[in-house]
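Enquirer: Quick one, what's the 3D model for this:
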Amino acid sequence: INILSVGRAVEKKGIDDVLIALSKIPHDIHWRFVHVGGGELLGALKNQAESLGLADRVTWAGALPQESVIEEYRRADLFVLASRIAQSGDRDGLPNVLMEAQSQGLPCIATNVSAIPELIRDGETGVLVPPSDPHALAEAIDLLIRDPERRTRLGAAGNDRVRAEFSMTGGIDHLADR
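Expert: Presented below is the predicted three-dimensional model:
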């Protein structure tokens, strides 16, 4: 199973929580994690992956051009974004990467913080977990790894919803009707 996360390596993205969650997945499950993005915490995250014994299963792709990011979405089986409110108060609004992942039919696990629940309906178009809860994140990842039919269903439902309700065309049509 190829697990993908896209975003800068900064506190509000919760990539450290993703690594902790991945360390809780049973060892007999075969997965790889790819992180796309640069950022100030990248070195510390690499060290964390090493200390958790995950380094051989993690690829740090760094910042990539959009075409390459799209290729990563298409190679992935599961998208994870563990957004949270940083100590400074910084937080995501509605991350574009979730819409991009869903537009590629990728099932998404995200946190129920900020506007993310406006996009992802838990159990219907993706899976939501509490922020800063690696245990709940691990359970969600494990569940979707073991259930390919659910991954397919969530990916298709997320794709349908993002295209119907979050596309530029729909937004322009809505504004034009006003």
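Enquirer: Was I right to think Ala86 contacts Arg8?
Expert: No: between Ala86 and Arg8 there is no contact under Cβ atoms under 8 Å: 11.7 Å. For glycine as for every other residue, the C-beta is placed from the backbone atoms N, C-alpha and C.
Enquirer: Quick test: name the residue nearest the centre of the protein.
Expert: Against the mean C-alpha coordinate of the chain, by Cα atoms, centre = their mean, the closest residue is Val80 at 2.4 Å.
Enquirer: how about that residue, secondary structure?
Expert: Following DSSP: H, G, I helix; E, B strand; the rest coil, we place Val80 in the strand state.
Enquirer: Would you mind extracting the C-alpha trace of the longest helix along the chain into CSV?
Expert: As assigned by DSSP state H, the longest helix anywhere in the chain is helix 148-165. This file holds the C-alpha atoms of helix 148-165, laid out as CSV (Å, rounded to 0.1, in the frame of the first residue of the first chain):
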residue,chain,number,x,y,z
PRO,A,148,-9.6,-2.2,-0.4
GLU,A,149,-13.3,-2.1,-1.3
ARG,A,150,-13.8,0.7,1.2
ARG,A,151,-10.8,2.5,-0.2
THR,A,152,-12.3,2.3,-3.6
ARG,A,153,-15.8,3.4,-2.4
LEU,A,154,-14.4,6.4,-0.5
GLY,A,155,-12.1,7.4,-3.3
ALA,A,156,-15.0,7.4,-5.8
ALA,A,157,-17.3,9.2,-3.5
GLY,A,158,-14.7,11.9,-2.7
ASN,A,159,-14.0,12.3,-6.4
ASP,A,160,-17.7,12.7,-7.2
ARG,A,161,-18.2,15.3,-4.4
VAL,A,162,-15.1,17.4,-5.1
ARG,A,163,-16.0,17.6,-8.8
ALA,A,164,-19.7,18.4,-8.1
GLU,A,165,-19.3,20.8,-5.3
